[in-house]
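Participant: Below are the sequence and a predicted model; questions follow.
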Amino acid sequence: MKLGEGYLSIEPKLGKDSAKIHVYQPANDIFVAYDYNFDAAKNKLTLQYNSNFPDKGTLKILNPWSDLTDKKQDLMKKLEVQIDSKKTIFLLKTINNDEFIVIETDFKHHGAEILLKQKAVH
């Protein structure tokens, strides 16, 4: 999680693991909570999240499928990203050797779902 003046980014780097997180920062009276689940059998990642942060920000999720393809364009076509069951725009961003799925969002209670529609080719 990164929190700055007027900015919040939830950044789980869990890959193919799962976790529940609740963080409270008393100095700013800001909380962030999320429930991250990766389902390998369904090639699906779900993230329930919320915060009392009043503005928009980003989800920056470590891509659990980055090992399946060398081509970012190939992976962009195979990923489907939804917020509250509605398709949403996303970016793939590479930082050093890590690839992230980046989504703009507000922080009301939402459910994000990222689905690998078919296995990518090595």
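Facilitator: Alright, I've got the coordinates.
Participant: For stretch 32-50, buried residues please.
Facilitator: Within stretch 32-50, the residues that count as buried by 16 or more other Cβ atoms under 10 Å are 32-34, 36, 38, 43, 45-47, 49-50. Heads up, the C-betas are built off the backbone N, CA and C, glycines and all.
Participant: Likewise for stretch 109-117?
Facilitator: 110, 112-116.
Participant: I'd like the residues you listed written out as a markdown table, with secondary structure and distance to residue 58 added.
Facilitator: Below are the buried residues of stretch 109-117 laid out as a markdown table (DSSP: H, G, I helix; E, B strand; the rest coil; distance: Cβ to Cβ, whole Å):
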| residue | secondary structure | distance to residue 58 |
| --- | --- | --- |
| 110 | strand | 13 |
| 112 | strand | 12 |
| 113 | strand | 17 |
| 114 | strand | 14 |
| 115 | strand | 20 |
| 116 | strand | 21 |
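Participant: what's the farthest-apart pair in those residues?
Facilitator: Maximum pairwise distance among those (Cβ to Cβ): 20.5 Å, between 110 and 116.
Participant: the helices in the chain, which residues?
Facilitator: For the chain, applying DSSP state H gives helices covering 72-78.
Participant: Tell me where the model's unsure across it.
Facilitator: Within the chain, the stretches with pLDDT under 70 are 68-73, 119-122.
Participant: returning to what we had before: I'd like to know which of the buried residues of stretch 32-50 is nearest to residue 74.
Facilitator: Out of the buried residues of stretch 32-50, the member with the shortest distance to residue 74 (by Cβ to Cβ) is residue 43, at 15.0 Å.
Participant: separation between that closest one and residue 36?
Facilitator: For residue 43, the distance to residue 36 equals 15 Å [Cβ to Cβ, to the nearest Å].
Participant: helices or strands next to whichever strand in the chain runs longest in the packing?
Facilitator: When the chain is parsed with DSSP state E, its longest strand is strand 30-39. Judged by 3 or more Cβ pairs under 8 Å, 6 or more residues apart in numbering; DSSP states H and E, strand 30-39 is in contact with strand 7-10, strand 19-25, strand 44-51.
Participant: picking that back up, tell me the one among the buried residues of stretch 109-117 nearest to residue 91.
Facilitator: Nearest to residue 91 out of those is residue 114 (Cβ to Cβ; 12.7 Å).
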